[in-house]
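Asks: Structure of the sequence below:
(4 chains)
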Protein chains: 2
Amino acid sequence: MTGQVRTVDGRVAGRRGQATRQKLLDCLSDMLSSSPYRDVKVIDVARKAGTSPATFYQYFPDVEGAVLEIAEQMASRGAGLAGLVEGRSWAGKAGWQTAQELVDGFLDFWRKNDAILRVVDLGAAEGDKRFNKIRMKILNSVNSSLADAVAELQSKGRVDKDVNPAAIAGALVAMLAAVASHQKGVSSWGVKQAELKPNLALLVHLGVTGKKPAK
Amino acid sequence: MTGQVRTVDGRVAGRRGQATRQKLLDCLSDMLSSSPYRDVKVIDVARKAGTSPATFYQYFPDVEGAVLEIAEQMASRGAGLAGLVEGRSWAGKAGWQTAQELVDGFLDFWRKNDAILRVVDLGAAEGDKRFNKIRMKILNSVNSSLADAVAELQSKGRVDKDVNPAAIAGALVAMLAAVASHQKGVSSWGVKQAELKPNLALLVHLGVTGKKPAK
DNA sequence: CACTTGTCCTGTCATGCCGTCAGCTTACCG
DNA sequence: CGGTAAGCTGACGGCATGACAGGACAAGTG
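Replies: Below you'll find the model as predicted:
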(Lines give C-alpha, C1' and ligand atoms only; values in the text may rest on other atoms or scores of the structure.)
Protein backbone atom coordinates (compact mmCIF):
# COMPACT_ATOMS: atom_id res chain seq x y z
CA MET A 1 0.00 0.00 0.00
CA THR A 2 2.44 2.65 1.16
CA GLY A 3 5.06 3.03 -1.53
CA GLN A 4 8.63 3.95 -0.81
CA VAL A 5 9.23 7.16 1.06
CA ARG A 6 10.60 9.74 -1.35
CA THR A 7 12.23 13.11 -1.01
CA VAL A 8 10.74 16.11 -2.76
CA ASP A 9 13.28 15.81 -5.58
CA GLY A 10 12.51 12.17 -6.15
CA ARG A 11 15.25 10.26 -4.37
CA VAL A 12 14.28 7.25 -2.29
CA ALA A 13 14.93 7.77 1.39
CA GLY A 14 17.20 5.27 3.13
CA ARG A 15 17.48 4.38 6.76
CA ARG A 16 19.17 7.59 7.81
CA GLY A 17 16.90 9.74 5.70
CA GLN A 18 13.77 8.22 7.15
CA ALA A 19 15.08 8.77 10.65
CA THR A 20 15.71 12.45 9.93
CA ARG A 21 12.31 12.75 8.33
CA GLN A 22 10.62 11.22 11.34
CA LYS A 23 12.58 13.42 13.70
CA LEU A 24 11.37 16.47 11.84
CA LEU A 25 7.79 15.20 12.10
CA ASP A 26 8.19 14.60 15.83
CA CYS A 27 9.61 18.05 16.42
CA LEU A 28 6.86 19.64 14.37
CA SER A 29 4.34 17.71 16.40
CA ASP A 30 5.86 19.11 19.58
CA MET A 31 5.79 22.64 18.25
CA LEU A 32 2.13 22.34 17.35
CA SER A 33 1.40 21.54 20.99
CA SER A 34 3.37 24.44 22.34
CA SER A 35 2.68 27.32 20.00
CA PRO A 36 -0.11 28.60 17.76
CA TYR A 37 -0.30 26.93 14.36
CA ARG A 38 0.09 30.28 12.67
CA ASP A 39 3.44 30.87 14.34
CA VAL A 40 5.07 27.53 13.61
CA LYS A 41 8.06 28.28 11.38
CA VAL A 42 10.15 25.88 9.36
CA ILE A 43 13.32 27.29 10.81
CA ASP A 44 12.19 26.56 14.36
CA VAL A 45 11.30 22.98 13.54
CA ALA A 46 14.65 22.50 11.84
CA ARG A 47 16.58 24.03 14.72
CA LYS A 48 14.75 21.86 17.22
CA ALA A 49 15.58 18.78 15.17
CA GLY A 50 19.23 19.80 15.05
CA THR A 51 19.25 20.19 11.31
CA SER A 52 18.92 22.93 8.72
CA PRO A 53 15.82 24.37 7.02
CA ALA A 54 17.07 23.06 3.69
CA THR A 55 16.80 19.54 5.04
CA PHE A 56 13.19 20.13 5.96
CA TYR A 57 12.40 21.17 2.40
CA GLN A 58 14.03 18.02 1.15
CA TYR A 59 11.33 15.91 2.74
CA PHE A 60 8.27 18.18 2.75
CA PRO A 61 6.98 20.81 0.34
CA ASP A 62 6.04 23.09 3.24
CA VAL A 63 4.73 23.05 6.81
CA GLU A 64 1.28 22.07 5.67
CA GLY A 65 2.67 19.09 3.83
CA ALA A 66 4.38 17.83 6.93
CA VAL A 67 1.26 18.42 8.99
CA LEU A 68 -0.72 16.29 6.57
CA GLU A 69 1.79 13.53 7.10
CA ILE A 70 1.45 13.69 10.87
CA ALA A 71 -2.30 13.74 10.54
CA GLU A 72 -2.19 10.69 8.31
CA GLN A 73 -0.16 8.75 10.86
CA MET A 74 -2.59 9.72 13.57
CA ALA A 75 -5.59 8.79 11.45
CA SER A 76 -4.23 5.29 11.09
CA ARG A 77 -3.97 4.96 14.84
CA GLY A 78 -7.42 6.50 15.19
CA ALA A 79 -9.10 3.89 13.07
CA GLY A 80 -9.14 1.87 16.29
CA LEU A 81 -11.94 4.08 17.52
CA ALA A 82 -14.30 1.95 15.46
CA GLY A 83 -13.93 -0.80 18.05
CA LEU A 84 -15.71 1.44 20.55
CA VAL A 85 -19.01 0.97 18.74
CA GLU A 86 -18.80 -1.93 16.37
CA GLY A 87 -20.75 -4.98 17.38
CA ARG A 88 -21.90 -3.46 20.68
CA SER A 89 -25.37 -3.65 22.07
CA TRP A 90 -27.53 -0.59 22.59
CA ALA A 91 -30.16 -2.39 24.62
CA GLY A 92 -30.68 -2.05 28.36
CA LYS A 93 -27.72 -1.70 30.67
CA ALA A 94 -25.34 -2.80 27.95
CA GLY A 95 -26.48 0.19 25.91
CA TRP A 96 -25.60 2.58 28.69
CA GLN A 97 -22.20 1.02 28.99
CA THR A 98 -21.64 1.24 25.26
CA ALA A 99 -22.41 4.96 25.35
CA GLN A 100 -20.12 5.52 28.29
CA GLU A 101 -17.22 3.67 26.75
CA LEU A 102 -17.64 5.49 23.47
CA VAL A 103 -17.47 8.86 25.19
CA ASP A 104 -14.55 7.76 27.28
CA GLY A 105 -12.52 6.42 24.39
CA PHE A 106 -13.31 9.34 22.18
CA LEU A 107 -12.32 12.00 24.67
CA ASP A 108 -9.21 10.07 25.50
CA PHE A 109 -8.09 9.81 21.92
CA TRP A 110 -8.75 13.49 21.40
CA ARG A 111 -6.81 14.53 24.47
CA LYS A 112 -3.83 12.53 23.33
CA ASN A 113 -3.82 14.11 19.89
CA ASP A 114 -5.35 17.50 20.48
CA ALA A 115 -2.70 19.57 18.78
CA ILE A 116 -2.80 17.86 15.42
CA LEU A 117 -6.56 17.40 15.56
CA ARG A 118 -7.02 21.15 15.99
CA VAL A 119 -5.14 21.76 12.80
CA VAL A 120 -6.98 19.05 10.92
CA ASP A 121 -10.26 20.54 12.08
CA LEU A 122 -9.22 23.97 10.90
CA GLY A 123 -8.08 22.70 7.54
CA ALA A 124 -11.31 20.80 7.04
CA ALA A 125 -13.40 23.80 8.07
CA GLU A 126 -11.48 25.95 5.61
CA GLY A 127 -12.55 23.60 2.87
CA ASP A 128 -9.29 21.77 2.25
CA LYS A 129 -10.25 18.39 0.85
CA ARG A 130 -7.11 16.63 2.04
CA PHE A 131 -7.75 17.60 5.64
CA ASN A 132 -11.40 16.79 5.33
CA LYS A 133 -10.56 13.35 4.04
CA ILE A 134 -8.37 12.68 7.05
CA ARG A 135 -11.00 13.98 9.42
CA MET A 136 -13.51 11.66 7.76
CA LYS A 137 -11.18 8.71 8.04
CA ILE A 138 -11.10 9.17 11.81
CA LEU A 139 -14.74 10.00 12.37
CA ASN A 140 -16.18 7.72 9.74
CA SER A 141 -15.36 4.55 11.59
CA VAL A 142 -17.38 5.70 14.57
CA ASN A 143 -19.93 7.46 12.46
CA SER A 144 -20.93 4.59 10.26
CA SER A 145 -21.11 2.20 13.18
CA LEU A 146 -23.40 4.58 14.99
CA ALA A 147 -25.49 5.09 11.89
CA ASP A 148 -25.82 1.32 11.53
CA ALA A 149 -26.97 1.04 15.10
CA VAL A 150 -29.64 3.68 14.58
CA ALA A 151 -30.74 2.12 11.29
CA GLU A 152 -31.11 -1.27 12.92
CA LEU A 153 -33.23 0.06 15.75
CA GLN A 154 -35.22 1.90 13.15
CA SER A 155 -35.91 -1.23 11.16
CA LYS A 156 -37.27 -2.80 14.33
CA GLY A 157 -39.63 0.09 14.71
CA ARG A 158 -37.95 1.31 17.87
CA VAL A 159 -36.90 4.60 16.29
CA ASP A 160 -39.08 6.93 14.25
CA LYS A 161 -38.98 6.48 10.51
CA ASP A 162 -38.32 10.09 9.67
CA VAL A 163 -35.00 9.98 11.48
CA ASN A 164 -31.95 10.03 9.27
CA PRO A 165 -29.41 7.65 10.86
CA ALA A 166 -26.42 9.24 9.12
CA ALA A 167 -27.42 12.73 10.20
CA ILE A 168 -27.92 11.71 13.82
CA ALA A 169 -24.65 9.84 13.89
CA GLY A 170 -22.80 12.72 12.26
CA ALA A 171 -24.19 15.21 14.73
CA LEU A 172 -23.31 13.07 17.73
CA VAL A 173 -19.80 12.48 16.48
CA ALA A 174 -19.36 16.18 15.77
CA MET A 175 -20.52 16.90 19.30
CA LEU A 176 -17.99 14.55 20.81
CA ALA A 177 -15.21 16.00 18.69
CA ALA A 178 -16.15 19.57 19.55
CA VAL A 179 -16.42 18.98 23.27
CA ALA A 180 -13.17 17.07 23.21
CA SER A 181 -11.27 19.85 21.51
CA HIS A 182 -12.54 22.42 23.97
CA GLN A 183 -12.16 20.29 27.06
CA LYS A 184 -10.18 22.93 28.89
CA GLY A 185 -12.52 25.69 27.85
CA VAL A 186 -15.59 23.82 29.04
CA SER A 187 -14.34 23.84 32.61
CA SER A 188 -14.81 27.60 32.71
CA TRP A 189 -18.51 26.98 32.27
CA GLY A 190 -18.43 25.56 35.74
CA VAL A 191 -18.65 21.99 34.51
CA LYS A 192 -16.06 19.54 35.73
CA GLN A 193 -14.47 16.87 33.58
CA ALA A 194 -15.94 14.02 35.57
CA GLU A 195 -19.42 15.48 35.37
CA LEU A 196 -19.19 16.05 31.66
CA LYS A 197 -18.73 12.44 30.59
CA PRO A 198 -21.96 10.90 31.90
CA ASN A 199 -23.96 13.76 30.43
CA LEU A 200 -22.34 13.25 27.04
CA ALA A 201 -23.04 9.56 27.30
CA LEU A 202 -26.64 10.36 28.09
CA LEU A 203 -26.96 12.48 24.97
CA VAL A 204 -25.36 9.77 22.84
CA HIS A 205 -27.71 7.18 24.23
CA LEU A 206 -30.72 9.41 23.72
CA GLY A 207 -29.66 10.16 20.19
CA VAL A 208 -29.10 6.56 19.17
CA THR A 209 -32.01 4.89 20.90
CA GLY A 210 -34.40 7.79 21.48
CA LYS A 211 -34.76 6.63 25.08
CA LYS A 212 -33.25 7.30 28.44
CA PRO A 213 -30.67 4.71 29.42
CA ALA A 214 -31.36 1.99 31.96
CA LYS A 215 -28.58 2.29 34.52
CA MET B 1 -17.93 51.01 27.78
CA THR B 2 -15.91 51.18 24.60
CA GLY B 3 -13.42 53.99 25.02
CA GLN B 4 -12.08 56.03 22.17
CA VAL B 5 -10.46 54.16 19.33
CA ARG B 6 -6.73 54.55 19.62
CA THR B 7 -3.78 53.87 17.37
CA VAL B 8 -0.95 51.64 18.52
CA ASP B 9 1.17 54.68 19.39
CA GLY B 10 -1.57 56.25 21.48
CA ARG B 11 -3.14 58.87 19.24
CA VAL B 12 -6.90 59.11 19.16
CA ALA B 13 -8.31 58.19 15.76
CA GLY B 14 -10.47 60.77 14.02
CA ARG B 15 -13.15 60.26 11.43
CA ARG B 16 -10.82 59.51 8.57
CA GLY B 17 -8.64 57.28 10.69
CA GLN B 18 -11.56 55.23 11.87
CA ALA B 19 -12.71 54.77 8.30
CA THR B 20 -9.31 53.46 7.27
CA ARG B 21 -9.21 51.22 10.28
CA GLN B 22 -12.61 49.77 9.49
CA LYS B 23 -11.67 49.29 5.87
CA LEU B 24 -8.64 47.30 6.95
CA LEU B 25 -10.87 45.16 9.16
CA ASP B 26 -13.32 44.57 6.31
CA CYS B 27 -10.56 43.57 3.93
CA LEU B 28 -9.05 41.26 6.52
CA SER B 29 -12.46 39.71 6.99
CA ASP B 30 -12.68 39.09 3.26
CA MET B 31 -9.25 37.53 3.15
CA LEU B 32 -10.13 35.17 5.97
CA SER B 33 -13.00 33.86 3.87
CA SER B 34 -10.90 33.34 0.80
CA SER B 35 -7.60 31.99 2.05
CA PRO B 36 -6.30 29.86 4.90
CA TYR B 37 -5.73 31.74 8.16
CA ARG B 38 -2.12 30.74 8.15
CA ASP B 39 -1.51 32.43 4.82
CA VAL B 40 -3.13 35.77 5.53
CA LYS B 41 -0.38 38.40 5.34
CA VAL B 42 -0.46 42.00 6.46
CA ILE B 43 0.86 43.14 3.11
CA ASP B 44 -2.05 41.52 1.27
CA VAL B 45 -4.63 43.08 3.54
CA ALA B 46 -3.01 46.49 3.14
CA ARG B 47 -2.84 46.17 -0.65
CA LYS B 48 -6.47 45.16 -0.81
CA ALA B 49 -7.43 48.16 1.28
CA GLY B 50 -5.44 50.43 -0.99
CA THR B 51 -3.01 51.39 1.69
CA SER B 52 0.41 50.40 2.99
CA PRO B 53 1.51 47.83 5.56
CA ALA B 54 2.77 50.63 7.78
CA THR B 55 -0.77 51.94 8.06
CA PHE B 56 -1.98 48.55 9.21
CA TYR B 57 0.57 48.52 11.99
CA GLN B 58 -0.61 51.92 13.10
CA TYR B 59 -3.96 50.49 14.11
CA PHE B 60 -3.18 46.89 15.02
CA PRO B 61 -0.21 45.22 16.68
CA ASP B 62 -0.44 42.28 14.25
CA VAL B 63 -2.90 40.14 12.29
CA GLU B 64 -4.09 38.43 15.43
CA GLY B 65 -4.88 41.75 17.04
CA ALA B 66 -7.05 42.75 14.13
CA VAL B 67 -8.76 39.37 14.12
CA LEU B 68 -9.65 39.81 17.76
CA GLU B 69 -11.25 43.12 16.87
CA ILE B 70 -13.37 41.55 14.14
CA ALA B 71 -14.34 38.75 16.46
CA GLU B 72 -15.39 41.23 19.09
CA GLN B 73 -17.64 43.05 16.64
CA MET B 74 -19.20 39.76 15.59
CA ALA B 75 -19.69 38.67 19.19
CA SER B 76 -21.75 41.77 19.85
CA ARG B 77 -23.98 40.96 16.92
CA GLY B 78 -24.12 37.32 18.06
CA ALA B 79 -25.49 38.17 21.44
CA GLY B 80 -28.84 38.26 19.65
CA LEU B 81 -28.75 34.47 19.50
CA ALA B 82 -30.02 34.49 23.06
CA GLY B 83 -33.44 35.47 21.74
CA LEU B 84 -33.68 32.07 20.08
CA VAL B 85 -34.11 30.33 23.43
CA GLU B 86 -34.97 32.87 26.09
CA GLY B 87 -38.51 32.72 27.34
CA ARG B 88 -39.54 29.97 24.95
CA SER B 89 -41.57 26.95 25.83
CA TRP B 90 -40.21 23.42 25.64
CA ALA B 91 -43.57 21.73 26.08
CA GLY B 92 -45.55 19.96 23.40
CA LYS B 93 -45.59 21.28 19.87
CA ALA B 94 -44.17 24.61 21.00
CA GLY B 95 -41.12 22.73 22.25
CA TRP B 96 -40.53 21.19 18.86
CA GLN B 97 -40.79 24.59 17.26
CA THR B 98 -38.36 26.09 19.75
CA ALA B 99 -35.82 23.40 18.93
CA GLN B 100 -36.26 23.93 15.20
CA GLU B 101 -35.89 27.68 15.40
CA LEU B 102 -32.82 27.39 17.59
CA VAL B 103 -31.13 25.10 15.09
CA ASP B 104 -32.16 27.30 12.21
CA GLY B 105 -30.96 30.52 13.76
CA PHE B 106 -27.75 29.02 14.97
CA LEU B 107 -26.75 27.50 11.65
CA ASP B 108 -27.68 30.70 9.90
CA PHE B 109 -25.54 32.84 12.15
CA TRP B 110 -22.64 30.47 11.75
CA ARG B 111 -22.90 30.38 7.99
CA LYS B 112 -22.82 34.16 7.85
CA ASN B 113 -19.71 34.36 10.00
CA ASP B 114 -17.97 31.10 9.31
CA ALA B 115 -14.58 32.54 8.48
CA ILE B 116 -14.04 34.49 11.66
CA LEU B 117 -15.70 31.82 13.78
CA ARG B 118 -13.21 29.25 12.50
CA VAL B 119 -10.35 31.39 13.70
CA VAL B 120 -11.99 32.09 17.05
CA ASP B 121 -12.53 28.38 17.50
CA LEU B 122 -8.91 27.65 16.71
CA GLY B 123 -7.65 30.33 19.07
CA ALA B 124 -9.88 29.04 21.85
CA ALA B 125 -8.79 25.44 21.25
CA GLU B 126 -5.17 26.55 21.37
CA GLY B 127 -5.80 27.89 24.84
CA ASP B 128 -5.83 31.61 24.07
CA LYS B 129 -7.96 33.17 26.78
CA ARG B 130 -8.96 36.19 24.71
CA PHE B 131 -10.43 34.01 21.98
CA ASN B 132 -12.05 31.75 24.50
CA LYS B 133 -13.70 34.72 26.13
CA ILE B 134 -15.18 35.80 22.82
CA ARG B 135 -16.35 32.29 22.05
CA MET B 136 -18.01 32.18 25.45
CA LYS B 137 -19.67 35.51 24.88
CA ILE B 138 -21.38 34.11 21.79
CA LEU B 139 -22.24 30.67 23.09
CA ASN B 140 -23.00 31.66 26.65
CA SER B 141 -26.20 33.45 25.78
CA VAL B 142 -27.62 30.31 24.21
CA ASN B 143 -25.93 28.04 26.68
CA SER B 144 -27.25 29.58 29.86
CA SER B 145 -30.75 29.85 28.46
CA LEU B 146 -30.67 26.17 27.56
CA ALA B 147 -29.26 25.27 30.94
CA ASP B 148 -32.06 27.22 32.61
CA ALA B 149 -34.64 25.35 30.57
CA VAL B 150 -33.18 22.01 31.59
CA ALA B 151 -32.92 23.07 35.22
CA GLU B 152 -36.54 24.16 35.27
CA LEU B 153 -37.77 20.88 33.81
CA GLN B 154 -35.57 19.16 36.33
CA SER B 155 -37.11 20.99 39.26
CA LYS B 156 -40.52 19.81 38.06
CA GLY B 157 -39.27 16.25 38.13
CA ARG B 158 -39.53 15.87 34.37
CA VAL B 159 -35.78 15.37 33.97
CA ASP B 160 -33.58 13.05 36.00
CA LYS B 161 -31.82 14.56 38.97
CA ASP B 162 -28.37 13.35 38.10
CA VAL B 163 -28.38 15.37 34.91
CA ASN B 164 -26.13 18.42 34.93
CA PRO B 165 -28.00 21.16 33.08
CA ALA B 166 -24.85 23.15 32.25
CA ALA B 167 -23.11 20.10 30.85
CA ILE B 168 -26.04 19.13 28.65
CA ALA B 169 -26.46 22.66 27.39
CA GLY B 170 -22.74 23.02 26.73
CA ALA B 171 -22.64 19.76 24.79
CA LEU B 172 -25.66 20.67 22.67
CA VAL B 173 -24.28 24.10 21.87
CA ALA B 174 -20.90 22.62 21.01
CA MET B 175 -22.67 20.18 18.71
CA LEU B 176 -24.49 22.95 16.90
CA ALA B 177 -21.30 24.97 16.53
CA ALA B 178 -19.34 21.98 15.25
CA VAL B 179 -21.94 20.91 12.72
CA ALA B 180 -22.31 24.50 11.56
CA SER B 181 -18.62 24.95 10.95
CA HIS B 182 -18.40 21.72 8.98
CA GLN B 183 -21.62 22.18 7.04
CA LYS B 184 -19.92 21.63 3.73
CA GLY B 185 -17.97 18.66 4.98
CA VAL B 186 -21.05 16.96 6.35
CA SER B 187 -22.63 16.82 2.93
CA SER B 188 -19.97 14.36 1.85
CA TRP B 189 -21.42 11.95 4.39
CA GLY B 190 -24.40 11.74 2.13
CA VAL B 191 -26.53 13.94 4.35
CA LYS B 192 -28.24 16.90 2.75
CA GLN B 193 -28.60 20.28 4.40
CA ALA B 194 -32.36 20.10 4.58
CA GLU B 195 -32.26 16.67 6.18
CA LEU B 196 -29.72 17.73 8.72
CA LYS B 197 -31.73 20.41 10.45
CA PRO B 198 -34.70 18.37 11.71
CA ASN B 199 -32.35 15.72 13.01
CA LEU B 200 -30.34 18.32 14.91
CA ALA B 201 -33.55 19.75 16.29
CA LEU B 202 -34.53 16.27 17.40
CA LEU B 203 -31.28 15.87 19.30
CA VAL B 204 -31.66 19.26 20.93
CA HIS B 205 -35.20 18.44 21.99
CA LEU B 206 -34.18 15.05 23.30
CA GLY B 207 -31.30 16.60 25.21
CA VAL B 208 -33.33 19.32 26.84
CA THR B 209 -36.51 17.44 27.66
CA GLY B 210 -35.38 13.84 27.57
CA LYS B 211 -38.39 13.05 25.40
CA LYS B 212 -39.23 12.77 21.75
CA PRO B 213 -40.92 15.87 20.40
CA ALA B 214 -44.64 16.04 19.69
CA LYS B 215 -44.96 17.17 16.10
C1' DC C 1 -4.05 84.65 4.03
C1' DA C 2 -0.11 82.70 6.61
C1' DC C 3 0.68 79.94 10.56
C1' DT C 4 -0.01 76.30 13.88
C1' DT C 5 -1.58 71.99 15.42
C1' DG C 6 -2.69 67.47 15.31
C1' DT C 7 -4.22 63.60 12.45
C1' DC C 8 -3.08 60.49 8.87
C1' DC C 9 -0.31 58.05 5.76
C1' DT C 10 3.93 56.34 3.49
C1' DG C 11 9.05 55.69 2.14
C1' DT C 12 12.63 53.47 3.91
C1' DC C 13 15.34 50.49 6.51
C1' DA C 14 17.16 46.60 9.51
C1' DT C 15 15.84 42.17 10.55
C1' DG C 16 14.46 37.59 9.84
C1' DC C 17 12.09 33.77 7.48
C1' DC C 18 11.22 31.45 2.95
C1' DG C 19 12.45 28.29 -0.49
C1' DT C 20 16.12 26.90 -3.83
C1' DC C 21 20.62 25.47 -5.58
C1' DA C 22 25.22 23.96 -6.08
C1' DG C 23 28.29 21.40 -3.87
C1' DC C 24 30.28 18.89 -0.08
C1' DT C 25 30.17 14.64 2.88
C1' DT C 26 28.71 10.05 3.93
C1' DA C 27 27.21 5.32 3.06
C1' DC C 28 26.84 1.43 0.18
C1' DC C 29 28.38 -1.86 -3.40
C1' DG C 30 31.07 -4.38 -6.76
C1' DC D 1 39.38 1.60 -4.23
C1' DG D 2 36.44 4.05 -7.25
C1' DG D 3 31.68 4.85 -8.63
C1' DT D 4 27.10 6.09 -7.44
C1' DA D 5 23.37 7.64 -4.96
C1' DA D 6 21.79 9.41 -0.49
C1' DG D 7 22.10 12.97 2.86
C1' DC D 8 23.04 17.46 4.44
C1' DT D 9 24.18 22.42 4.48
C1' DG D 10 25.97 27.28 3.39
C1' DA D 11 24.60 30.84 0.96
C1' DC D 12 21.56 33.66 -1.61
C1' DG D 13 17.68 36.42 -3.76
C1' DG D 14 13.13 37.48 -2.46
C1' DC D 15 9.62 38.85 0.48
C1' DA D 16 7.11 39.93 5.00
C1' DT D 17 7.73 42.17 9.30
C1' DG D 18 7.69 45.99 12.26
C1' DA D 19 9.77 50.53 13.58
C1' DC D 20 10.68 55.31 12.57
C1' DA D 21 10.88 59.91 10.83
C1' DG D 22 8.88 62.89 8.07
C1' DG D 23 5.59 64.50 4.37
C1' DA D 24 0.58 65.42 3.19
C1' DC D 25 -3.58 67.06 4.61
C1' DA D 26 -7.56 69.17 7.13
C1' DA D 27 -9.13 72.35 10.59
C1' DG D 28 -8.75 75.91 13.55
C1' DT D 29 -6.48 80.63 14.86
C1' DG D 30 -4.90 85.42 14.53
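Asks: ok, which residues in chain A are in contact with DNA strand C?
Replies: A:14, A:15, A:16, A:41, A:42, A:43, A:53, A:54, A:57, A:62, A:63 (C-beta under 7 Å from any atom of the strand). (Glycine included, C-beta is placed from N, CA and C.)
Asks: Name the residues that touch the helix-or-strand element of chain A with minimal mean pLDDT?
Replies: In chain A, the helix or strand scored least confidently by mean pLDDT, DSSP states H and E is helix A:183-186, which has a mean of 81. The set of residues external to helix A:183-186 that reach it, using C-beta atoms under 8 Å, 6 or more residues apart in numbering or on different chains, is A:107, A:110-111, A:114, A:179, A:193, A:196, B:124-125, B:127, B:132, B:135-136, B:170, B:174.
Asks: What residues does residue A:161 make contact with?
Replies: By C-beta under 8 Å, 6+ apart, the residues touching residue A:161 are residue A:154.
Asks: If we ignore the residues flanking it in sequence, what's nearest the most centrally placed residue in chain A?
Replies: For chain A, residue A:138 is the residue whose C-alpha lies nearest the centre (C-alpha atoms, centre = their mean; 5.2 Å). Among residues not flanking residue A:138 along the chain, residue A:78 sits closest, at 4.3 Å (C-beta to C-beta, 6 or more residues apart in numbering or on different chains).
Asks: what comes up buried for the top helix by length along chain A?
Replies: The residue-count maximum for a helix in chain A (DSSP state H) belongs to helix A:129-155. Neighbour counts over helix A:129-155 (16 or more other C-beta atoms under 10 Å in any protein chain shown) mark A:130-151, A:153-154 as buried.
Asks: Among the residues of chain A next to DNA strand C, which one lies nearest to chain B?
Replies: Chain B lies nearest to residue A:63 out of the residues of chain A next to DNA strand C, by C-beta to the nearest C-beta, at 7.9 Å.
Asks: thought residue A:120 was touching residue A:133?
Replies: No: look at residue A:120 against residue A:133 with C-beta atoms under 8 Å: they stay out of range, at 9.9 Å.
Asks: circling back: include secondary structure, neighbour count and pLDDT when you put the residues of chain A next to DNA strand C into a markdown table, please.
Replies: As requested, the residues of chain A next to DNA strand C are exported to a markdown table (DSSP: H, G, I helix; E, B strand; the rest coil; neighbours: other C-beta atoms under 10 Å in any protein chain shown; pLDDT from 0 to 100):
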| residue | secondary structure | neighbour count | pLDDT |
| --- | --- | --- | --- |
| A:14 | coil | 9 | 81 |
| A:15 | helix | 7 | 87 |
| A:16 | helix | 8 | 88 |
| A:41 | coil | 13 | 97 |
| A:42 | helix | 17 | 97 |
| A:43 | helix | 10 | 97 |
| A:53 | helix | 14 | 96 |
| A:54 | helix | 9 | 96 |
| A:57 | helix | 16 | 97 |
| A:62 | coil | 11 | 96 |
| A:63 | helix | 19 | 98 |
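Asks: Make JSON lines from those and add distance to DNA strand D to it.
Replies: Output for the residues of chain A next to DNA strand C, formatted as JSON lines (distance: C-beta to the nearest atom of the strand, whole Å):
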{"residue": "A:14", "distance to DNA strand D": "3"}
{"residue": "A:15", "distance to DNA strand D": "6"}
{"residue": "A:16", "distance to DNA strand D": "4"}
{"residue": "A:41", "distance to DNA strand D": "11"}
{"residue": "A:42", "distance to DNA strand D": "11"}
{"residue": "A:43", "distance to DNA strand D": "10"}
{"residue": "A:53", "distance to DNA strand D": "6"}
{"residue": "A:54", "distance to DNA strand D": "3"}
{"residue": "A:57", "distance to DNA strand D": "8"}
{"residue": "A:62", "distance to DNA strand D": "13"}
{"residue": "A:63", "distance to DNA strand D": "15"}
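Asks: contacts with chain B among those residues, please.
Replies: By C-beta under 8 Å from any C-beta of the partner chain, the members of the residues of chain A next to DNA strand C lying near chain B are residue A:63.
Asks: chain center to the longest helix of chain A, what's the gap?
Replies: Centre-to-centre, helix A:129-155 and its host chain are 12 Å apart (C-alpha atoms, centre = their mean, to the nearest Å).
Asks: now swap in stretch A:54-71 and tell me
Replies: Distance of stretch A:54-71 from its chain centroid, counting by C-alpha atoms, centre = their mean, is 20 Å.
Asks: For the residue of chain A most remote from its centre, which three-state class applies?
Replies: Ranked by distance from the centre of chain A (C-alpha atoms, centre = their mean), the top residue is residue A:157, with 32.5 Å. Under DSSP: H, G, I helix; E, B strand; the rest coil, the three-state class of residue A:157 is coil.
Asks: so how far is residue A:210 from it?
Replies: Using C-beta to C-beta, to the nearest Å, we find residue A:157 at a distance of 11 Å from residue A:210.
Asks: where in chain A is pLDDT low?
Replies: Regions of chain A meeting the criterion pLDDT under 70 cover residues A:1-3.
Asks: in it, which spans are helices?
Replies: Counting by DSSP H, the helices of chain A are A:15-34, A:42-48, A:53-59, A:63-78, A:92-112, A:114-125, A:129-155, A:165-181, A:183-186, A:193-209.
Asks: Number of residues surrounding residue A:55?
Replies: Counted with other C-beta atoms under 10 Å in any protein chain shown, the neighbours of residue A:55 add up to 18.
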